[in-house]
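# here is a sequence with its predicted model. Questions after.
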Amino acid sequence: MKTVILVSIDFDDLPIPFKIASENEPNKSQILEKIIDIVNQCGLSKEVKFKSFHQEKGQKLYFYQIGDADCYVFVERIEIWELSM
């Protein structure tokens, strides 16, 4: 069975989360790079600080501070089913 990595980036200041699917799991610097890209595109505070990291059963949760707001990044591995027709 194949798996895909789903990365959800949720900003307190934005109404919907950003979701990215990938075959490879991003590292901390790649996650920070994507957060900075989104911050620049959406005109949010340029001050981005890493706060903490939690891991449980293969799922990872990163916490960042962006100005006065919080940003949560949830990384999870999802199994995908292949249908043959």
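Thanks, I have the structure now.
# helix, strand or coil for Ile36?
helix (DSSP: H, G, I helix; E, B strand; the rest coil).
# touching, it and Lys49? I think so.
No: contact criterion CB atoms under 8 Å: Ile36 and Lys49 do not qualify, at 11.8 Å. Using the backbone N, CA and C atoms, a C-beta is placed for each residue, glycine as well.
# could you check which of the two is surrounded by more residues?
Ile36 (14 against 10; other CB atoms under 10 Å).
# from Tyr64, how far off is that one?
Distance of Ile36 to Tyr64, given as CB to CB, to the nearest Å: 10 Å.
# who touches both of the two?
Val48 (CB atoms under 8 Å, 6 or more residues apart in numbering).
# please enumerate the helices of the protein.
Remark: helices assigned in the chain by DSSP state H are 28-42.
# ok, longest strand in the protein?
Ranked by residue count and defined by DSSP state E, the top strand of the chain is strand 69-80.
# number of residues surrounding Phe18?
16.
# gap between it and Gly43?
15 Å.
# cool, and Asn27?
Asn27 is 27 Å from Gly43, by CB to CB.
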